[in-house]
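Student: Fold the following and give me the result.
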Amino acid sequence: MPIVNSIAALEDEMTGWRRHLHQHPELGLDCHETAAFVVERLKAFGVTDIHEGLARTGVVAIIEGRAPGRTIGLRADMDALPMQDLSGAAHASTVPGLAHACGHDGHTTMLLGAAKYLAETRNFAGRVALIFQPAEENEGGGRIMVEEGMMDRFGIEEVYGLHNSPGRAVGHLATNRGALLAGVDEFTIRIDGKGGHGAMPFQTRDPVIVAAAITLALQTIVSRNVDALDRLVLSVTQIHTGTAMNIVPGSAMLNGTVRYFDKAVQAVVKARMAEIADFQAKSFGMAAELEYAEGYPPTVNHPEQAAFAAEVAREVVGAAAVEEDCPPIMPGEDFAYMLEARPGAYLFLGQGDTPVCHHPEYDFNDAIAPVGASFFARLVERALPLT
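Tutor: The predicted structure follows:
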């Protein structure tokens, strides 16, 4: 089965939805206008079982099939990023400092396209729960929706999601049967020294030296404390200290991110970071303290559901356009919380040679929206067949 004909016929309409959303980005949990747009479209499709206010502005809509059966969840994220839109598109963001630079406008559009088709045909036995989630980028709207009891409340037994993939061929789908995206943690290291005149550093305890030493020493965790076959990224991304050219500051602060796939690796990182910060500072006669914040866990597909999703993908785009064993990548994704709560799978949908996600010139490729919508629709029909 290729792209669903009736969904392909929606391409212009879907493009209109997507570009409207692109022009009106919203941040974090405050996706009020986006949620209202989603609800308006769903009602127009004839969907009546609509639940608002999950994770503040999240929406879950239920479409009943023609016979009783299981409930499958389909998820799209709705939030934008706090950055300027430099795409140059006629439909560029109208909100200064906010941009849909990760394609969540496209994800929402694809799920709406599937919703329209499923509401019209209802060619399945069971229910589909359409999950429109805020705050994927920062606050973890997916975590909040799970913690609020979404899975039990709506009886969701499996859950699936899609993310656009710049650099992958247009319309190609990719996934794997295990870890697909990394866990995401953050850290702050505070260094207490003794400030003074830059011309008399012997009278000070210079935290800049400690900041440099800690930054370099942290890299030995990746190279010397963790197996080279275990994927790990530790990046110091900020160093804050000093006020003038001739003053040794009294303190310094490091910030950064850790990306991992294995909880045992995460434990090693946390322990070694604390030791390195403490002992490096002590070796210079100073003190340092680590604040380690665990964030999104790794996004780990369930093997059975990932294999099924790949099978559906082959029906929609053809075997040559499906990668069933794609390597994991180091960005994170809060769909991880939904996969911790229920079996399911996450997939990448190629959008061609475009700027990468989070780049100010990024724009979602509208040509792939019918592909994603068709995948969602066919997945429901295959997972919940009419007997």
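Student: Isn't C357 up against G167?
Tutor: No: contact criterion CB atoms under 8 Å: C357 and G167 do not qualify, at 10.0 Å. All C-beta atoms are positioned from the backbone trio N, CA, C, and that covers glycine.
Student: Which one of these two is surrounded by more residues?
Tutor: Per other CB atoms under 10 Å, whichever of C357 and G167 has more neighbours is C357, with 19 against 13.
Student: got the contact list for that one?
Tutor: Neighbouring residues of C357 by CB atoms under 8 Å, 6 or more residues apart in numbering: A101, C102, G103, N164, P166.
Student: any idea how far stretch 124-140 is from the chain center?
Tutor: Distance of stretch 124-140 from the chain centroid (CA atoms, centre = their mean, to the nearest Å) equals 13 Å.
Student: Quick check: end-to-end length of that stretch?
Tutor: With CA to CA, to the nearest Å as the measure, stretch 124-140 spans 31 Å from end to end.
Student: Nearest residue to D262 in space, please, no chain neighbours.
Tutor: Nearest in space to D262, with sequence neighbours left out and distances taken as CB to CB, 6 or more residues apart in numbering, is D230 at 5.8 Å.
Student: can you give me the helices in the protein?
Tutor: Here the chain has its helices, by DSSP state H, at 5-8, 11-23, 32-44, 104-121, 141-147, 150-153, 207-220, 263-283, 303-317, 335-341, 369-383.
Student: Among those helices, show the one with the smallest mean pLDDT.
Tutor: Among those, helix 5-8 carries the lowest mean pLDDT, at a mean of 92.
Student: which stretches of the stretch 101-250 of the chain aren't confidently modelled?
Tutor: The stretch 101-250 of the chain contains no residues with pLDDT under 70.
Student: residues contacting the residue nearest in space to the middle of the chain?
Tutor: Nearest to the geometric centre of the chain sits E333, at 2.9 Å (CA atoms, centre = their mean). By CB under 8 Å, 6+ apart, the contact list for E333 reads E136, H163, L181, Y296, T299, Y346.
Student: you'd agree the third one is up against D334?
Tutor: Think L181. No: in this structure L181 lies outside contact range of D334 using CB under 8 Å: 9.9 Å.
Student: Not counting its neighbours along the chain, what's nearest Q266?
Tutor: Using CB to CB, 6+ apart, the closest residue to Q266 is Y260 (4.9 Å).
Student: do the same with G332
Tutor: Of all residues not flanking G332 in the chain, V184 sits nearest, at 3.4 Å (CB to CB, 6+ apart).
Student: pretty sure A211 contacts A252?
Tutor: Yes: contact status for A211 versus A252: in contact at 4.3 Å, counting by CB under 8 Å.
Student: Could you tell me which residues touch both of these two?
Tutor: Counting by CB under 8 Å, 6+ apart, the residues touching both A211 and A252 are I191, I239, T241.
Student: could you redo the residues you listed as a markdown table and give each row neighbour count and distance to D49?
Tutor: Shown next, in a markdown table, are the shared contacts of A211 and A252 (neighbours: other CB atoms under 10 Å; distance: CB to CB, whole Å):
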| residue | neighbour count | distance to D49 |
| --- | --- | --- |
| I191 | 29 | 55 |
| I239 | 18 | 52 |
| T241 | 18 | 55 |
